[in-house]
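Participant: Need coordinates for the following:
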Amino acid sequence: MKRLVVFFLLISSTAFAEDTLSVNDTVAPHSIRKAILFSAVVPGAGQIYNHLAMPKGQKKAFWKVPLIYAALGTSTFFLVRNEQQQKYFKQEYKKRQFLTYLPDDPFVTNFNTDLAVYDDAGILTLYNQYLTWRDLSILAVGAAYLFQLADAGVEAHFVSFDVSEDLSFTVDPVIMNSRTPGLSLCLNFH
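Facilitator: Down below sits the predicted model:
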């Protein structure tokens with residue numbers, strides 16, 4: 001009976017053991033440069049590359065791609081919108097400077113009725129405001145692009161990161177010299 005139990009224990013331990021790499025098995029290293037390069041060419045491609053290289057059970061990176069495109073799309077939308085508005089107000093200000101007309105003149109056809117409440121200084125203020133917002137939108141597009149590059153690089157570092165149970169960190173209370181309370185810090189790397 002003992003031999004039968006030992007036999008089943010040996011069979012079960014080898015049947016359910018995790019696969020380990022032998023000396024002849026090689027795993028292609030995950031390239032951080034490639035992940036950053038992919039993200040530089042096509043935003044989000046580095047995250048997909050990292051996702052495909054991650055072993056089973058680890059956090060996946062593909063869910064970040066819609067967020068990347070949302071950030072880039074939103075900031076690009078505001079960039080285009082603010083660029084159009086600042087050009088519009090610039091043209092309106094130039095019209096007002098080169099055409100001398102009165103807002104109440106019924107014969108003037110080039111006058112925009114939406115902007116009739118603003119004087120020249122108000123149009124110039126609106127132009128400067130949209131110019132500033134356009135510049136901030138350029139910074140937002142650049143920040144979203146650089147952030148996704150950095151994310152691809154950082155995620156590539158963590159593709160082969162060991163998160164097993166063998167790594168542990170414990171803090172326990174301890175009494176030193178038979179009367180002094182303290183803390184014991186124990187790091188285990190197996």
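Participant: Going by C-alpha atoms from here, please, whenever you check contacts or count neighbours.
Facilitator: Will do.
Participant: three-state assignment of the nearest residue to F169 once chain neighbours are set aside?
Facilitator: In space, and not counting its chain neighbours, F169 is closest to L187: 4.8 Å by Cα to Cα, 6 or more residues apart in numbering. At L187, secondary structure determined by DSSP: H, G, I helix; E, B strand; the rest coil is strand.
Participant: go on, V117?
Facilitator: Taking three-state DSSP, the label given to V117 is coil.
Participant: Distance-wise, check it relative to I123.
Facilitator: Counting by Cα to Cα, to the nearest Å, the gap from V117 to I123 is 10 Å.
Participant: Tell me which of the two has more neighbours.
Facilitator: I123 (22 against 9; other Cα atoms under 10 Å).
Participant: Now do the more buried one against L37, distance only.
Facilitator: Distance of I123 to L37, computed by Cα to Cα: 44 Å.
Participant: how near is the residue nearest to F169 to F161?
Facilitator: From L187 over to F161 (counting by Cα to Cα), the distance is 17 Å.
Participant: Tell me who's in contact with A156.
Facilitator: 30-32, 35, 50 (Cα atoms under 8 Å, 6 or more residues apart in numbering).
Participant: Let's see that with 7 Å instead.
Facilitator: 32, 35, 50 (Cα atoms under 7 Å, 6 or more residues apart in numbering).
Participant: could you list every residue that touches the most centrally placed residue in the chain?
Facilitator: For the chain, Q148 is the residue whose C-alpha lies nearest the centre (Cα atoms, centre = their mean; 4.2 Å). Applying Cα under 7 Å, 6+ apart to Q148 gives the contacts I68.
Participant: Toward the C-terminus, what is the element adjacent to the helix or strand where A144 lies?
Facilitator: Following DSSP states H and E, one finds A144 within helix 120-157. Helices and strands here follow DSSP H and E; after helix 120-157, the next one along the chain is strand 168-176.
Participant: What residues of that following strand count as buried?
Facilitator: For strand 168-176, the neighbour count (16 or more other Cα atoms under 10 Å) marks no residue as buried.
Participant: Partner strands of that strand and their direction?
Facilitator: The strands beside strand 168-176 in its sheet (DSSP bridges) come out as strand 180-188 (antiparallel).
Participant: And stretch 93-100, how far out from the chain middle?
Facilitator: Chain-centre distance of stretch 93-100: 45 Å, with Cα atoms, centre = their mean, to the nearest Å.
Participant: and what of stretch 117-132?
Facilitator: 35 Å.
Participant: Buried residues in it, which are they?
Facilitator: 123-124, 126-127, 130-131.
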